[in-house]
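1. can't give you the sequence, but here's the structure:
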């Protein structure tokens, strides 16, 4: 089994850890660069992307994540995690990892009150309940990025090599299939 | 998604920007911070909608605002403004003996509690998030500690109760027994539980996280301190790294004076006694 870490700076990292437990993975909480040692796959949870981005920079955790990614570590970002992976964030210069060739717009479905659930169809997985909370919208995904699921005509789950990003929250469901998909990805690249 | 984050009271758009830059997971838009509400007295009400809108316009993080306990009309106004959460708060002067029926609203509510009964009554009314009441505007953490401990100990006590005892508790707390069973099975409240009321330093935030809170509200503690931006940043870092005393020591260095604070015994008004 690959070693999976969950970025535990802010957000719903506990829910990801619980979900990984259901997949028989004992995940590590990642707060400092040294916590990333031996990690094959990193999950960046939902939360506030500005908060997580700021905290990532303080101890150069961002640099360590990028370094580990280049050495083959897989990364999965949900919601705020997807924003932090993106190269382009509309109207914002906030800190980010700059690894995934997508352009996102934050809170593009609206405010808290506009949060919603919608049934998705995911390539290779099937029907999945998508929970969207103040979710970003992926406005553009560069060629070569696999779009694994769409809502309307907008990608909601994408993959670029060993990076996975979703604008919805599988960790808030009881459905572990997206996490299993990621574990497999991390296992292949480990 | 506020978990593990710090929610900061702000009274201007300028302060909201500082809070966001320092790493706030949300801001609470207010007319006056609790320390000033205490000082000025009079009736404390919902903030001016114009001020709330100004704050909503300058930050990308969620914006909360407070309504008076039981003030359905203020709550409707805040919902219409599009705030992300409503805090039905004892810090403002109550408008009713009864709380708002929060099930009637689409916008999520946060409410204060001093013990398990208050927490479950608020959840039963539809609160999506709970916080300790603490004693707002004092910069004194003792009441918030008392309240989180009460919730924890009363939840632990559920573990050894049989159905008959749970039924009795449900009568005592005036909540459906199902909620007590839920708390018993989860070994915690069925919604997130944040700390509030008296957090004034990074170590205060870490203390509340160590006691099992899911995140932190800081009211007067940021903008009544000598160096608000530095204090805000340090509280955020201490909340994330609550288990790392060396790091908390480092971020606590040279922050200047924290808010002065008040002894609970010398208070004229105990805000926590509002709304049971």
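-> Arrived safely. Model, not experiment: these values are computed from the prediction.

2. Return the residue of chain A that is most distant from the centre.
-> Of all residues in chain A, residue A:113 has its C-alpha farthest from the mean position, at 22.7 Å, by CA atoms, centre = their mean.

3. Does it fall in a helix, a strand, or a coil region?
-> Per DSSP: H, G, I helix; E, B strand; the rest coil, the secondary structure class of residue A:113 is helix.

4. hang on, it packs against residue B:86?
-> No: assessed by CB atoms under 8 Å, residue A:113 is found out of contact with residue B:86, at 10.6 Å. In this view, the C-beta of every residue, glycine as well, is placed from N, C-alpha and C.

5. what sits in contact with each of the two?
-> The contact sets of residue A:113 and residue B:86 overlap at B:79, B:107 (CB atoms under 8 Å, 6 or more residues apart in numbering or on different chains).

6. what about the residue lying farthest from the centre of chain B, which SS state?
-> In chain B, the residue that sits farthest from the middle, by CA atoms, centre = their mean, is residue B:164; the gap is 33.2 Å. Secondary structure assignment for residue B:164 (three-state DSSP): helix.

7. cool, and residue B:74?
-> Following three-state DSSP, the label given to residue B:74 is helix.

8. ok, the residue of chain A found nearest chain B - how many residues close by?
-> Closest residue of chain A to chain B, CB to the nearest CB: residue A:112 (3.7 Å). Counted with other CB atoms under 10 Å in any protein chain shown, residues neighbouring residue A:112 total 20.

9. still on that earlier bit, quick check, pLDDT for the residue farthest from the centre of chain B.
-> pLDDT, residue B:164: 97.

10. Likewise for the one 3 residues further on?
-> At residue B:167, the model reports a pLDDT of 97.

11. Can you give me the buried ones in the helix or strand harbouring it?
-> Residue B:167 is part of helix B:163-173, with elements assigned from DSSP states H and E. Residues of helix B:163-173 classed as buried: B:169-170, B:173 (neighbour count, 16 or more other CB atoms under 10 Å in any protein chain shown).

12. Need the contact partners of it.
-> Helix B:163-173 is contacted by residues B:116-117, B:120-121, B:158, B:161, B:176-177, B:179-181, B:184 when judged by CB under 8 Å, 6+ apart.

13. cutoff 6 Å now
-> Defining contact as CB atoms under 6 Å, 6 or more residues apart in numbering or on different chains, one finds that helix B:163-173 is touched by B:117, B:120, B:177, B:180.

14. Repeat that for stretch B:91-101.
-> B:34, B:43-44, B:66, B:68-72, B:75, B:88, B:125, B:136, B:271, B:274-275.

15. which one of these sits closest to chain A?
-> Chain A lies nearest to residue B:75 out of these, by CB to the nearest CB, at 12.9 Å.

16. Against residue B:111, how distant is the closest one?
-> Distance of residue B:75 to residue B:111, computed by CB to CB, to the nearest Å: 12 Å.

17. so where do the strands sit in the chain?
-> No chain in the question, so chain A it is. Assigned strands in chain A, in chain order: A:4-7, A:28-30, A:41-44, A:74-78, A:86-89, A:100-105, A:116-122, A:126-132, A:137-141, A:146-151, A:154-160, A:163-166 (criterion: DSSP state E).

18. think we crossed wires, I meant chain B
-> Under DSSP E, chain B gives strands at B:6-10, B:26-29, B:63-68, B:85-89, B:109-113, B:129-132, B:192-194, B:216-218.

19. how many neighbours does residue B:235 have?
-> Number of residues near residue B:235 (other CB under 10 Å) recorded here: 30.

20. For it, list the residues it contacts.
-> Per CB under 6 Å, 6+ apart, neighbours of residue B:235: B:6, B:202, B:205, B:218.

21. How about the contacts made by the nearest residue to residue B:33 once chain neighbours are set aside?
-> In space, and not counting its chain neighbours, residue B:33 is closest to residue B:220: 4.3 Å by CB to CB, 6 or more residues apart in numbering or on different chains. Counting by CB under 6 Å, 6+ apart, residue B:220 makes contact with B:33-35, B:137, B:259.

22. can I get those in a markdown table with neighbour count and pLDDT?
-> Below are these laid out as a markdown table (neighbours: other CB atoms under 10 Å in any protein chain shown; pLDDT from 0 to 100):
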| residue | neighbour count | pLDDT |
| --- | --- | --- |
| B:33 | 26 | 90 |
| B:34 | 29 | 89 |
| B:35 | 22 | 89 |
| B:137 | 28 | 90 |
| B:259 | 24 | 86 |
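
23. What about residue B:98, how many residues nearby?
-> So residue B:98, with other CB under 10 Å, has 12 neighbours.

24. mind checking how far it is from residue B:252?
-> For residue B:98, the distance to residue B:252 - CB to CB - is 42 Å.
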